[in-house]
Each structure stands twice: as C-alpha cells, then as structure tokens.
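Peer 1: Predicted model and sequence below, questions to follow.
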Amino acid sequence: MASTDRLEDGSIVEEVKGAPPRRETELRVGRILIQKLNAEGASWSEPESLDDERARTGAREDGADCLSHGPNGAELLIQVTAPETRMQQQLATAGVADRGDCPAIC
C-alpha cells in the first residue's frame, strides 16, 4: 500500500507499507533481459534466482540477483537495481517506509 500527503507547509510525505518486491521482480526483469538478448540471436538459459542458491548453500550476498547460462559454459550474472534504496531497506526491516524518514536522495 502506498500513500502521499501534502502537509500544510507544502512538503510532501510518501509512505509505503508491506514487503518490498524482491525475488519475483528480479526474476521477471531477468527474464525480460534474456528474452531480449535471445531475440537478437543469443542463447541464454532461463535465469535462476541466486537468492535461492544462497539460501541453499549459505553463500554471502554478492550483488548478483540472477544467473543465466550461455554457450560454452558462459555465465551471465544479472543485478536488478531499483530506485529509492533507503526506502526499500526501511520497508524490508520495518514493513513501513516514509520518504520523510529519508534524505532527499532516497
């Protein structure tokens, strides 16, 4: 859920509640990238979530979200980034994020 309010002083406050979209969004974006690359003649496999791999093996986060395999053992690491990182972090830890809690670069 998201809401935006204008305060009496003219400032705007945005609030987002819920879990941040992660794995499903990352895989969806990874699939779109692979479809585009393959449409242009490449041969990349369906991307797989590295979050699942890290959960299974205990490997540390390295920034890559998805992995796709190509010809001759090639690997394509895919990182999906989103704007407003601090709001996403607040949403992940507290379940609520308020732009008023973030600096202007949020």
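Peer 2: That came in fine, so what should we check first?
Peer 1: C-alpha only now, for contacts and for neighbours.
Peer 2: OK.
Peer 1: so where is the chain shaky, pLDDT-wise?
Peer 2: 1-2, 16-23, 82-85, 98-106 (pLDDT under 70).
Peer 1: what's around the closest residue to Ile12 other than its chain neighbours, how many residues?
Peer 2: Closest residue to Ile12 apart from its sequence neighbours, by C-alpha to C-alpha, 6 or more residues apart in numbering: Arg6 at 4.5 Å. Applying other C-alpha atoms under 10 Å, we find 10 residues neighbouring Arg6.
Peer 1: Packing partners of the longest helix seen in the chain?
Peer 2: Counting residues, the longest helix in the chain under DSSP state H turns out to be helix 23-39. When contacts are defined as 3 or more C-alpha pairs under 8 Å, 6 or more residues apart in numbering; DSSP states H and E, helix 23-39 packs onto strand 48-49, strand 66-69.
Peer 1: Now mean neighbour count too, for these, in TSV please.
Peer 2: TSV is the format used below for the helices and strands packed on helix 23-39 (neighbours: other C-alpha atoms under 10 Å):
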stretch	mean neighbour count
strand 48-49	18
strand 66-69	20
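Peer 1: coming back round to it: in the longest helix of the chain, what counts as buried?
Peer 2: 23, 26-27, 29-31, 34-35 (16 or more other C-alpha atoms under 10 Å).
Peer 1: now Ala39: how far from Ile32?
Peer 2: 10 Å (C-alpha to C-alpha, to the nearest Å).
Peer 1: can you check Thr81 too?
Peer 2: Thr81 is 14 Å from Ile32, by C-alpha to C-alpha.
Peer 1: And Asp9, by the same measure?
Peer 2: 43 Å.
Peer 1: Give me the number of neighbouring residues for Ile78.
Peer 2: Ile78, neighbours per other C-alpha under 10 Å, totals 22.
Peer 1: Let me know whether it touches Cys66 as I believe.
Peer 2: Yes. Ile78 lies in contact with Cys66 (C-alpha atoms under 8 Å); the separation is 5.0 Å.
Peer 1: So for the two, which residues contact both of them?
Peer 2: By C-alpha atoms under 8 Å, 6 or more residues apart in numbering, Ile78 and Cys66 have these common neighbours: Gly30.
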